[in-house]
Each structure stands twice: as structure tokens, then as C-alpha cells.
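Engineer: With the sequence up front, the predicted model follows.
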Amino acid sequence: MKKKFNKKLYLIFVLLILVIVLIISCEKFNILGPTYIPPETDFRLPEEAIPGHIDVNPVPAKYGEVFGGFSKKFKYKDKWYILADYMYDYDPERKKLNKTDKNIILEIDDNANIMIYDKNSKGYSDCYYMNVIEEDRVLYEYYDYGTYSYSSRSFTTTDCKGEEDYHSFITGITFDNRIRTSSDLINWKFEGASNNIYKTFPSVSTDPNASFQGRFGASGYRTVEFKDYIYLIGLKEDFSEQNPSGCRSTDLGPFTVSKDVYYRVYKNKDTSVGANWEKITTPWGQRSSLTIRYDKNKIYITKGLRAYYKWIKSPYWDYEIESFENDNTIWSTIDSLNWQVEPNSSAYDKANEIDSYLSLGGNLPYIQNRIRTPEEPNWVKLDNGIYYKSDNTYSSQELNGKIYYYPTVPYAEIDAAYNRGEEYFTVSQKHLKGAGKNQFFAAREKPNEGDSWKLITPIDYTDKLMVWQSGGEKVMLNINNKAVQLVDYQQIEYMYNTIKDYSIVINDLRKTAKELRDGTHWSDIVNNGQGGYIKDVLLGMHYDVRADMLELMKSNRDYIMPHDAITHYTVEFKY
């Protein structure tokens with residue numbers, strides 16, 4: 001009995017010591033405290049996640065029909081669709097590529113078969129702009145959906161000399177809610193309108209005091225909706241408002257058309273009735289084209305100009321302006337009646353500016369945009385939980401405003417030759433064949449930054465892939481847990497047709513290689529950014545090999561063309 005008691009006592013004692021140690025440790029290291037920051041989770045791709053082999057299998061084209069110029073991929077009703085600018089007929093025996101159709105919508109089934117959904121499609125451009133995919137339709141909102149603008153009217157009068165005078169004036173505010181929709185990707189229709197009426201303004205009247213429009217219409221102002229009112233600020237009137245006959249005696253002298261009043265109306269009143277608008281004198285005098293800003297508390301006014309007419313010579317009055325661009329005075333108001341010189345220019349700087357083109361703004365009612373369907377990513381995620389993407393292994397440079405492409409050189413072989421003491425490297429057709437392989441990348445977590453990816457090639461795989469045969473990263477799909485990479489024949493066509501013009505690139509590469517070898521190549525980034533001449537024989541070898549490969553391509557253009565008519569590759573990552 002005593003023995004059991006001792007064991008129990010001993011156990012309690014050990015537990016007590018452990019608790020004390022933990023308490024001291026927690027206090028010492030503050031594990032439970034708010035300032036403790038745990039180390040970042042390591043999401044690097046483990047070595048065992050890197051495949052040992054990649055199977056890249058070409059899929060033959062049906063009837064030799066191939067495609068190019070891929071611009072968009074999207075999923076609709078659980079099917080993949082891809083837009084291709086062109087369709088070609090390709091004869092691999094004669095290496096002939098003939099463009100047959102354009103604006104192709106491709107559909108890809110669950111077995112990765114590529115089918116022509118529609119060619120020379122009238123719905124192609126709409127599909128390109130489409131940005132919302134719903135269960136039974138697709139649509140896009142016009143670029144100015146939800147925006148407000150002015151509606152206007154014009155009329156002509158005959159002046160005292162029998163000549164016509166043109167007058168235009170703003171009749172109100174409209175908003176745009178246009179969309180285009182389709183249920184089959186081919187037939188699209190309009191919905192909504194660009195000129196929905198939000199507010200109607202008074203019309204012109206023979207009574208010049210009937211409204212701010214006068215007899216001939218106010219020719220310009222800024223509209224601001226602020227709190228409970230709509231304001232017209234910076235009004236400018238028509239030439240004829242002070243000269244109803246359309247003519248003016250030179251004895252009357254110059255006259256100003258920028259006005260020294262502004263107007264406001266309670267936004268729930270009938271804005272088409274002139275009597276509902278209050279007329280208020282400005283503290284800044286006669287100015288139009290004002291710069292107007294606003295925040296939730298204030299309206300801010302500054303700058304602007306005074307527009308006036310001055311007699312120059314018969315029979316014309318010349319339009320002139322006096323600019324207040326150098327006047328830094330800022331007026332502000334919280335109630336639109338009482339103005340003060342704003343002491344806090346930083347508040348003005350942070351406020352929202354009314355666009356000088358639309359000339360209206362403020363707290364106009366927000367027109368809700370639809371939630372955009374995200375663009376399909378440039379990567380795929382397979383069932384093993386790993387993300388994959390591909391990239392074309394080519395480089396480019398711009399010469400005389402034109403972009404030139406060239407294949408990647410065999411860096412490892414060149415470096416090995418350099419380490420053996422060699423300064424020149426011999427390029428063979430074998431290097432050209434292997435130069436265009438895609439590079440494949442993988443990431444363990446959902447990628448959102450460039451450094452999330454780990455290069456998992458070079459790994460041996462099909463040696464028929466040339467860089468200009470790849471559709472690039474934007475046309476990689478996950479079909480039944482296989483990555484599918486399309487072949488872009490527009491790139492092939494472009495490379496085949498332009499390689500003959502690559503002498504300028506080859507000469508530039510040779511020149512750079514020579515400078516790197518003899519130490520006369522200038523670099524802006526050496527010597528702590530001060531620039532200087534550098535000598536780098538290994539880098540010169542890279543440039544020489546690049547030029548050699550382009551020379552070889554020029555004399556063997558058939559290498560640019562695929563061995564077979566294929567539409568895509570299926571890519572399997574083997575572990």
C-alpha cells in the first residue's frame with residue numbers, strides 16, 4: 001500500500017515539475033504572447049514532387065486541319081472553348097501551310113478531341129470581349145457600362161446678315177447599361193440602352209430668365225451631385241445670348257460669356273422645370289471650365305478661365321480666353337451656399353476630380369456592375385495537387401522597332417566546352433531540333449508570384465517539339481487529369497516567313513559576341529551602375545551559338561515546320 005502511494009506521489013511530483021517548466025518556458029519565450037510570429041510555412045516544391053519523366057505525345061490533326069492565333073480559353077456549360085484567329089490546311093510531306101478560315105471557336109471534349117464549334121464565326125469578337133459566364137448564358141458589359149453622360153440638342157437660327165448660326169445645349173443626364181448576351185456563343189443580342197434618362201434639364205425658352213438655358217442654351221458647365229442637390233457650376237453662355245440678332249456692333253466692345261452665377265436644384269424635384277433651380281452668385285467671379293473636386297464633406301473649386309469675345313476685324317468677333325491656371329486659390333463649401341478660401345490644400349489634393357471630358361460627377365447613383373468571371377489561369381492543377389505551367393524557351397530582341405525571336409542555346413553543353421578550355425562551340429542540327437522544347441514548371445501551392453514556380457525541366461521527352469510549335473502558356477488545359485498543350489500554327493507561319501529576314505539579327509549577335517570576346521562591349525550596369533567595358537568569353541560563346549543556330553534555320557527552314565500535322569500535345573508527368 002505504501003509502495004503504491006510512493007509511486008503515485010512520485011508521478012504527481014514529476015507532473016508538477018513539468019508544469020512549472022512549461023510555465024517558465026512560456027514566460028521566457030512568450031510562445032503564447034501576441035508578439036510571437038511563427039516561421040513561414042515552407043511551400044517549396046519537394047524533390048519527390050519533381051517528375052522523373054514527362055510524356056509529351058502529339059495528337060494528329062483531323063483531315064490536316066490545324067489552328068493558330070489563340071487568344072482566349074474559357075469554360076462554359078462544363079466544356080472548354082478556345083478562340084483561334086485562323087484555321088489552316090497543313091501538308092507535312094510538302095511542308096505546306098495554307099490558311100483556309102478565320103475566327104474559329106474550338107470546343108474540346110473530355111477525351112481532348114479538338115472540334116470546330118464554329119468557323120468564320122459572327123460571334124467570335126463577342127466571345128473575345130465576353131467577361132461574365134453564367135449558367136445558361138455569357139455576356140459582357142460595354143466599356144462605359146454604368147457611366148453617366150450628357151444628352152444634347154442643337155438648332156440653327158438666322159442672324160441679321162441672313163447667315164445660319166448653330167447652337168447646341170445640354171438637355172439632361174443619361175446613363176449606360178448596355179450589355180451583349182448569348183446562350184450559344186454564336187448569336188448575340190443587345191440588352192439595355194446607352195441613353196437611359198437620369199435627369200432632364202429645362203429647354204431653351206424665349207424668356208431668357210426662364211432657366212439657366214436662356215434663349216440659346218448654356219454651352220458648357222460642370223455638373224456635380226453632392227449630398228441632396230445637383231449643381232451646375234462654371235456656366236458659359238452662347239454668343240447669341242447677349243446678341244439675340246446674331247450680330248453685334250463694334251461700338252459695344254468685347255463681352256464675357258463665362259458667367260458669375262451657378263445653379264442648384266434639390267435632386268428629388270423635377271429638374272426639367274427651370275423655376276426649381278436656385279440661382280446663386282459665385283465668389284470667384286466670371287469663370288468657366290473650372291477644376292472641381294469633391295469628397296464626402298466638401299466641394300472644391302479652383303482654376304478655370306474667363307471666355308470672352310473680342311473684335312478683330314470685319315466681320316468676325318474672335319473667341320478669347322483669360323486663363324486662371326496660375327491662380328492657386330481654392331474655394332470650398334460644405335453646404336454649397338457659403339464658400340471659404342480652403343486653407344487645407346492637401347484635402348483638395350486627395351479629393352475626387354470630376355473628369356474634364358465628361359464634365360459631370362459627384363455622388364451620382366452607382367450602377368452595379370456584374371461580378372466578372374475570372375480569366376482562366378495560365379496554369380493547370382492536376383489530381384496530385386500540383387500546379388503546372390509551360391513556357392516557351394525562346395528569347396527575343398527588338399531591332400529597328402521590330403521584334404525578332406530566336407531559340408534557346410544549349411547552355412549546359414556550351415558551359416562544359418568552356419570549362420574544357422574551348423572558346424568556340426560547334427552547332428549541329430541536333431541542337432536545332434532540341435532547341436524549342438517547352439520548359440515545364442511546377443508549384444505546390446496556388447501560384448500568385450513568379451517565384452512560386454520551380455523549373456522541372458530539362459527532363460527527357462519528345463524531341464519533336466520546336467518552340468514555334470507551342471501555343472504558349474495560355475492554351476494549356478486540364479483534360480481528364482492530363483495537361484493539354486495546343487500547337488499554334490500562326491507562330492509557325494510567322495517564323496517560317498520571317499526567318500529569311502534575320503540577317504540583321506545575326507549580324508547584331510555576331511557584333512555583340514566579338515565585343516564580348518575582345519573586351520569592347522559596353523554595359524550600363526557594371527561598376528555600380530556607372531557603366532564600363534566588359535570582357536566575357538563565355539557570354540560571347542552564347543551569342544555566337546545563337547547566331548549559328550539562326551544561320552542554320554535560315555538554310556533549313558523545313559525544321560520550323562512540324563514533322564506531322566498535329567493540333568496539340570498531351571503531357572503526362574510521370575513519378
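Structural biologist: It's in.
Engineer: any chance you could map the helices in the stretch 351-500 of the chain?
Structural biologist: Assigned by DSSP state H, counting those that start in this stretch, the helices in the stretch 351-500 of the chain fall at 411-419, 429-434, 489-498.
Engineer: The ones you listed: lowest mean pLDDT?
Structural biologist: Sorting these by mean pLDDT places helix 429-434 lowest, at a mean of 72.
Engineer: and Glu353, which of the helices of the stretch 351-500 of the chain is closest to it?
Structural biologist: Set against Glu353 and scored by C-beta to C-beta, these come closest in helix 489-498, at 43.2 Å. Bear in mind the C-beta positions are built from the backbone N, C-alpha and C, glycine included.
Engineer: Centre of the chain to the closest one, how far?
Structural biologist: Here helix 489-498 is found 27 Å from its chain centre; the criterion is C-alpha atoms, centre = their mean, to the nearest Å.
Engineer: Next, the buried residues of that helix.
Structural biologist: For helix 489-498, a neighbour-count test (16 or more other C-beta atoms under 10 Å) marks 489-496 as buried.
Engineer: Could you do stretch 112-128 as well?
Structural biologist: Per 16+ other C-beta under 10 Å, stretch 112-128 contains these buried residues: 112, 114, 116-119, 121, 123-124, 126-127.
Engineer: Just the terminal-to-terminal distance for that stretch.
Structural biologist: 22 Å (C-alpha to C-alpha, to the nearest Å).
Engineer: what comes into contact with it?
Structural biologist: 59, 62, 65, 67, 71-72, 74, 81, 83, 87, 101-109, 138, 140, 180, 182, 184-188, 477, 479-480, 482, 484, 486, 567-568, 570 (C-beta atoms under 8 Å, 6 or more residues apart in numbering).
Engineer: separation between the residue nearest to the spatial centre of the chain and Ile499?
Structural biologist: Centroid check for the chain by C-alpha atoms, centre = their mean gives Glu375 as the closest residue, at 11.7 Å. Distance, Glu375 to Ile499, by C-beta to C-beta, to the nearest Å: 32 Å.
Engineer: What of Tyr76?
Structural biologist: 38 Å.
Engineer: so what's Val427 up against?
Structural biologist: 545, 548-549, 552.
Engineer: Which residue is the nearest non-sequential neighbour of it?
Structural biologist: Asp548 (4.1 Å; C-beta to C-beta, 6 or more residues apart in numbering).
Engineer: ok, now Ile330?
Structural biologist: Counting by C-beta to C-beta, 6+ apart, Glu342 is the residue found nearest to Ile330 once chain neighbours are left out, at 4.0 Å.
Engineer: isn't the one you found right next to Ser332, touching?
Structural biologist: Yes. With contact defined as C-beta atoms under 8 Å, Glu342 reaches Ser332; the gap is 3.9 Å.
Engineer: neighbour count winner among the two?
Structural biologist: Set Glu342 next to Ser332 and count neighbours by other C-beta atoms under 10 Å: Ser332 wins out with 23 against 18.
Engineer: Report whether the more buried one is found in a strand, as I expect.
Structural biologist: Yes. Assessed by DSSP: H, G, I helix; E, B strand; the rest coil, Ser332 belongs to a strand.
Engineer: Next one: it from Lys298, what distance?
Structural biologist: 5 Å.
Engineer: Find residues that contact each of the two.
Structural biologist: 342, 347.
Engineer: Strands of the stretch 351-500 of the chain, start to end?
Structural biologist: All strands of the stretch 351-500 of the chain, identified by DSSP state E, counting those that start in this stretch, fall at 352-353, 360-362, 380-381, 387-391, 394-399, 402-407, 439-443, 454-455, 476-479, 482-486.
Engineer: Give me the helices and strands touching the second one, please.
Structural biologist: Helices and strands touching strand 360-362, as assessed by 3 or more C-beta pairs under 8 Å, 6 or more residues apart in numbering; DSSP states H and E, comprise strand 148-158, strand 218-226, strand 291-294.
Engineer: could you check the angle strand 218-226 makes with the longest one?
Structural biologist: Just to be clear, that refers to strand 148-158. Orientation of strand 148-158 against strand 218-226 (axes from the mean of the first three to the mean of the last three C-alpha atoms, to 10 degrees) gives an angle of 160 degrees.
Engineer: Okay, buried residues for whichever helix or strand comes after strand 148-158 please.
Structural biologist: With elements assigned by DSSP states H and E, the helix or strand that comes after strand 148-158 is strand 164-175. Across strand 164-175, burial judged by 16+ other C-beta under 10 Å covers 165, 167, 169-175.
Engineer: Columns pLDDT on top of those, output as TSV?
Structural biologist: TSV is the format used below for the buried residues of strand 164-175 (pLDDT from 0 to 100):
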residue	pLDDT
Asp165	94
His167	96
Phe169	95
Ile170	95
Thr171	96
Gly172	96
Ile173	96
Thr174	96
Phe175	96
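Engineer: Switch these over to TSV; also include distance to Asn528.
Structural biologist: Formatted as TSV, the buried residues of strand 164-175 follow (distance: C-beta to C-beta, whole Å):
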residue	distance to Asn528
Asp165	68
His167	66
Phe169	64
Ile170	60
Thr171	64
Gly172	63
Ile173	58
Thr174	59
Phe175	56
